[in-house]
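>>> Sequence and predicted structure below; questions after.
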Amino acid sequence: MSGTLLAEVLTGGVRGGTSILFAALGETICERAGVVNLGTEGNMLMGAMTGYAVASITGNTWVGVAAGAAAGGALALLHAYFVLNRRTNQLATGLVLLFLALGVTSLFGVAYVKADIDAFQPVAVPGLSSLPFLGEIFFEQTVLTYLAYALVPALWWLLFRSRWGVVLRAAGERSEVLATYGYRVKPVQYLAVVAGGCLGGLGGAQLSTAYTNAWFENMTQGRGFIAVAVVIFAGRHPIKVAGGSLLFGAALALAPALQARGYSVNQFALDAVPYLLTIVVLVLLGKRESAQPPEGLQKVFEGSAVT
């Protein structure tokens, strides 16, 4: 792979991986609290459609992005209600809400398929964008990508260096101990699930307003499931999640980069690369001790309810 092609793939990987990164960071918060949300794909869809539609209606893309994040959070609130209050199966509930999001976005999004918005454009960071090779890849991106950069260390600090993070992780690891110390576990988990959904919605809004600059049905195309996979093999660690998200973003960017250069590679094989990579990485890394879920999630996969 030539240096120019490599830079093009990596630049596209950062742009395309940003939506996965937002969603994966959201799922990291959720799973650290002991709740898994397979409806992350649905959160992203809601964010993508709502963000694009509101941006089109208001003429303000930032308002659209905020609305997209809120839409993802609203769907996650439903997930939290069913799994925490009604004790439904977390895996099944997430999938059901994904199908709900597919239907809702298909129904209400059809009016915005050909709508125009003032999409986010790349903004070069003075000084950093002139760095050889790295400047083009990391510092000629949109403002939402820079927001994702900042969110990674911020979330790391919140999870591992703040009292809030201790409480959140205790909700997923030892909820009975947390209750003993006078904390109410359910509100902590509610907050984590909704915050995760908002980040998933933000990822979807980034996809439609800063990457594709368009809305079309089922545009996430499995990115939410990739985000969940990234969280698993990254051991629910924000910095590792960031690396994994950009890796899968690069896999998604490979096909269009090769096509633009006229390489005669089977289109279906290229389209399958990100999903094959997901399977391979999970098989190779999924059994590591660091990738094992918190105790609360282990109960989910064993078929018992989270307390």
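Good, I have the coordinates.

>>> who touches the closest residue to V125 other than its chain neighbours in this structure?
Distance criterion Cβ to Cβ, 6 or more residues apart in numbering; nearest residue to V125, sequence neighbours excluded, is F139 at 4.1 Å. Any C-beta I mention is one placed from the backbone N, CA and C, and that applies to glycine too. Shown in contact with F139 (Cβ atoms under 8 Å, 6 or more residues apart in numbering): 124-125, 128-129, 131.

>>> redo that, cut-off 10 Å
14, 122-131, 145-146, 149 (Cβ atoms under 10 Å, 6 or more residues apart in numbering).

>>> Among these, name the buried ones.
Burial by neighbour count, judged by 16 or more other Cβ atoms under 10 Å, picks out 14, 129, 145, 149 from the contacts of F139.

>>> between these, which is closest to A210?
Nearest to A210 among the buried ones among the contacts of F139, counting by Cβ to Cβ, is T145 at 7.5 Å.

>>> returning to that earlier point: flag the least confident of the buried ones among the contacts of F139.
Lowest in pLDDT among the buried ones among the contacts of F139 is S129, which has 93.

>>> Test my guess that that residue contacts V123.
Yes - S129 is within contact range of V123, at 8.9 Å (criterion: Cβ atoms under 10 Å).

>>> What separation do you get for P294 and V188?
Going from P294 to V188 by Cβ to Cβ, to the nearest Å gives 13 Å.

>>> Mutual contacts of these two, please.
In contact with both P294 and V188: 33-34, 169-172, 175, using Cβ under 10 Å, 6+ apart.

>>> Give me the helices and strands touching the helix or strand hosting W62, please.
In this structure, W62 sits in helix 61-80 according to DSSP states H and E. Counting contacts by 3 or more Cβ pairs under 10 Å, 6 or more residues apart in numbering; DSSP states H and E, the secondary-structure elements packed against helix 61-80 are helix 3-32, helix 40-58, helix 90-109, helix 143-161, helix 185-206.

>>> re earlier: common neighbours of S129 and V123, please.
139-141.

>>> Can you lay out those as JSON lines showing secondary structure, distance to G39 and pLDDT?
JSON lines is the format used below for the shared contacts of S129 and V123 (DSSP: H, G, I helix; E, B strand; the rest coil; distance: Cβ to Cβ, whole Å; pLDDT from 0 to 100):
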{"residue": "F139", "secondary structure": "coil", "distance to G39": "34", "pLDDT": "96"}
{"residue": "E140", "secondary structure": "strand", "distance to G39": "33", "pLDDT": "96"}
{"residue": "Q141", "secondary structure": "strand", "distance to G39": "28", "pLDDT": "97"}
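
>>> could you dump the residues you listed to TSV with distance to L25?
Output for the shared contacts of S129 and V123, formatted as TSV (distance: Cβ to Cβ, whole Å):
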residue	distance to L25
F139	20
E140	22
Q141	17
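
>>> Return the member of the residues you listed nearest to F22.
Q141 (13.5 Å).

>>> for that closest one, what are its contacts?
Neighbours of Q141 in contact, by Cβ under 10 Å, 6+ apart: 11, 14-15, 18, 120, 122-125, 129, 148-149, 210.

>>> repeat that with 6 Å
Q141 makes contacts with P122, as judged by Cβ atoms under 6 Å, 6 or more residues apart in numbering.
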